[in-house]
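Participant: here is a sequence with its predicted model. Questions after.
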Amino acid sequence: MEKPAELPKDETTEEESLLQTLQQQNNWDGVPMCLYQGIWCPIFLLRPLLSLQKNFKPHDTSILLASLPKAGTTWLKALLFAIVNRDRFPIDQSPLLTTNPHKLVLSLECYYYVDQVNPDLENLPQPRVFSTHLPLNVLPPGFMINSTSKIVYVSRNPLDQFISEREFLLKNRLLPDCEPPLPLDQAFDMFCEGVHAFGPFWEHILGYWRASLENPDRVLFLQYEDMKRDTVSHVRKIAEFLGLPFSDEEEKRGMVGEISQLCSFEKLKNLETNKTGVLHGNVANSSFFRKGEIGDWRNHLSPDMAERMKEVIDAKMSGSGLKLDNYFKS
Ligand SMILES: Nc1ncnc2c1ncn2[C@@H]1O[C@H](COP(=O)(O)OS(=O)(=O)O)[C@@H](OP(=O)(O)O)[C@H]1O
């Protein structure tokens, strides 16, 4: 999860009066959260969220990457940047070679950490590309209704996503003076109950999944696991969805493979900028590149814990038509 570079100022605000009416609980990493419009929102993001709900104006060409934390955000940021900007930068001069993807595609929340929209958002080159961890139901309604902007959503097996998030949060404290992280079993219990940043995960995933069924031209639903198995065809699919298909000439030059390669886990992880740099002053760029594998949850969670998650997924997500059967296979 990303944290805005500056936290909101402290005067009594709409946010503070609202906060008094909301249920509050710490996340497993100790970060205080509140239940706002059905989602668990880290309190430091409530003000940006209120501000963007009030002020955000979609452009017809905007591209929004949506994801839960640790579902593949960094990877998709890199891919979207490379696809959209392929005419501006040859692969061997791509800014991705020298800059962490989170600095090239900023989160929408980050543009709104003061009351007004940050002018940088309006000045982004077209098409504007940004990301969010917010669920669909709290995005400004204009995003779906008054524009032809596009949403690319990436989901991931919640078991792997949970482990990835936990490993990240054990290394990086988002708020230095908050409570220490809970032990694994207690954190997992909270996750299974949907109490985690931007959760419940099933509502996050199903919100975008249903929107992709209703508006396939506007919302592209991707799964991390499918992309790992066949990145090249997904790069093609994303470009087509964005209305930027690869030309015959680009195909002949092997550009789809080059972009897949440039954004691969191994390539990004081993770049100097991602081995050494930091984000927001204290988050190591390297912590966005841990293992990049499918099924690492097996090294951390017991079969009973996986069974519990299966029950949650069956209860909350079966019947949605979403392919979930791969998650628990060995
Ligand atoms: N290029 C590429 N390809 C495949 N996988 C990748 C890639 N880049 C990052 N990763 C893995 O994604 C996990 C981090 O998730 P996010 O990028 O969504 O994190 S964040 O929300 O932006 O903080 C984290 O997963 P785990 O390794 O399981 O922890 C990263 O290693």
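Facilitator: That came through fine.

Participant: dihedrals phi and psi, the most centrally placed residue in the chain?
Facilitator: What sits nearest the mean C-alpha location of the chain, by C-alpha atoms, centre = their mean, is residue 67, with 3.2 Å. With angles defined as degrees, to the nearest 10, residue 67 sits at phi -170, psi 160.

Participant: that one touches residue 153, doesn't it?
Facilitator: Yes: using C-beta atoms under 8 Å, residue 67 is in contact with residue 153, at 6.6 Å. For every residue, glycine as well, the C-beta is placed using N, CA and C.

Participant: flag the shaky bits of the stretch 201-330 of the chain, pLDDT-wise.
Facilitator: Residues of the stretch 201-330 of the chain meeting the criterion pLDDT under 70: 330.

Participant: tell me where it has helices.
Facilitator: For the stretch 201-330 of the chain, the helices defined by DSSP state H, counting those that start in this stretch cover 201-214, 224-229, 231-241, 248-252, 255-262, 265-269, 272-276, 303-317.

Participant: and for the stretch 1-150 of the chain?
Facilitator: 14-21, 46-55, 73-84, 101-104, 119-122, 142-145.

Participant: and those helices: which comes nearest the ligand?
Facilitator: With C-beta to the nearest ligand atom, the closest approach to the ligand among these belongs to helix 73-84: 3.2 Å.

Participant: and that closest one with the ligand, contact?
Facilitator: Yes: shown here: helix 73-84 in contact with the ligand (C-beta under 6 Å from any ligand atom) through 73, 74, 75.

Participant: neighbours of the residue nearest to residue 29 when sequence neighbours are not counted, just the number please.
Facilitator: Spatial nearest neighbour of residue 29, chain neighbours left out: residue 169 (4.0 Å); criterion: C-beta to C-beta, 6 or more residues apart in numbering. Look at residue 169: counted by other C-beta atoms under 10 Å, it has 22 neighbours.

Participant: wait, residue 169 sits on residue 181?
Facilitator: Yes: between residue 169 and residue 181 a contact is recorded at 5.9 Å, counting by C-beta under 8 Å.

Participant: kindly report the residues of this protein close to the ligand.
Facilitator: 1, 67, 69-75, 160, 164, 167, 263-265, 268, 288-292, 296.

Participant: now, the residues you listed that are in strands?
Facilitator: Per DSSP state E, strands hold the following members of these: residue 67.

Participant: buried ones among the residues of the chain next to the ligand?
Facilitator: Buried members of the residues of the chain next to the ligand, scored by 16 or more other C-beta atoms under 10 Å, are 1, 67, 69-75, 160, 164, 167, 263-265, 268, 288-290, 292, 296.

Participant: now for residue 169 and residue 181: what residues contact both?
Facilitator: 28, 29 (C-beta atoms under 8 Å, 6 or more residues apart in numbering).

Participant: how about the contacts made by residue 24?
Facilitator: Taking C-beta under 8 Å, 6+ apart, we find residue 24 in contact with 32, 33, 34, 35, 43.

Participant: in contact with the residue nearest to residue 29, which residues are there?
Facilitator: Residue 169 is in contact with 28, 29, 181, counting by C-beta under 8 Å, 6+ apart.

Participant: now these as a markdown table including neighbour count?
Facilitator: Shown next, in a markdown table, are these (neighbours: other C-beta atoms under 10 Å):
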| residue | neighbour count |
| --- | --- |
| 28 | 23 |
| 29 | 24 |
| 181 | 18 |
